[in-house]
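1. Kindly return the folded structure for what I paste below:
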Amino acid sequence: MAKSDKNEKKKDKPTVNPDLEGFNIEIDSFGEIKTTYNIDDINDFLNKNVEDKKLEERDDYDELKSGKKKQNPKEGEE
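-> Predicted structure coming up:
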């Protein structure tokens, strides 16, 4: 291989889930994480697509996973 072949790097994009198309993450010179997606959007994606082994045994795990929250009745209400 010639030197120019070794120095050239392919900039192939990795295969990603279609829901994350356009997602990019970088760390700047100050160590700050910069992303193209809002952190809440990333968390929603992870909640839908990744099993949380620590929460699997909870009775309300399916509701948590689907994004539904239980409404606790206020004190004095039945």
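
2. you'd agree K34 is up against F23?
-> No: at 11.8 Å, K34 and F23 do not qualify as touching, with contact defined as CB atoms under 8 Å. Yep, even glycine has a C-beta here, placed from its N, CA and C like the rest.

3. Comparing the two, which residue is more hemmed in?
-> Counting neighbours by other CB atoms under 10 Å for K34 and for F23 shows that F23 has the greater number, 14 against 9.

4. show me the contacts for the more buried one.
-> When the contact criterion is CB atoms under 8 Å, 6 or more residues apart in numbering, the partners of F23 are V16, T35, T36, Y37, I42.

5. List only those of the residues you listed flagged as buried.
-> Buried by 16 or more other CB atoms under 10 Å: nothing, out of those.

6. So for F45, what's the nearest residue that isn't a sequence neighbour?
-> D19 (5.8 Å; CB to CB, 6 or more residues apart in numbering).

7. That neighbour and I42 touch, don't they?
-> No: under the criterion of CB under 8 Å, D19 is not in contact with I42, lying 10.4 Å apart.

8. Okay, buried residues for the strand or helix carrying I42 please.
-> With elements taken from DSSP states H and E, the one containing I42 is helix 39-49. Neighbour counts over helix 39-49 (16+ other CB under 10 Å) mark no residue as buried.

9. Dump that helix to PDB, restricted to CA.
-> As requested, the backbone C-alpha atoms of helix 39-49 are provided in PDB (Å, rounded to 0.1, in the frame of the first residue of the first chain):
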ATOM      1  CA  ILE A  39     -31.600  14.300  25.900                       C
ATOM      2  CA  ASP A  40     -35.300  13.700  26.500                       C
ATOM      3  CA  ASP A  41     -35.700  12.400  23.000                       C
ATOM      4  CA  ILE A  42     -32.800  10.000  23.500                       C
ATOM      5  CA  ASN A  43     -34.200   8.800  26.800                       C
ATOM      6  CA  ASP A  44     -37.600   8.200  25.200                       C
ATOM      7  CA  PHE A  45     -35.900   6.100  22.500                       C
ATOM      8  CA  LEU A  46     -34.000   4.100  25.100                       C
ATOM      9  CA  ASN A  47     -37.000   3.500  27.200                       C
ATOM     10  CA  LYS A  48     -38.900   2.100  24.200                       C
ATOM     11  CA  ASN A  49     -36.100   0.000  22.800                       C
END
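
10. All set now, cheers.
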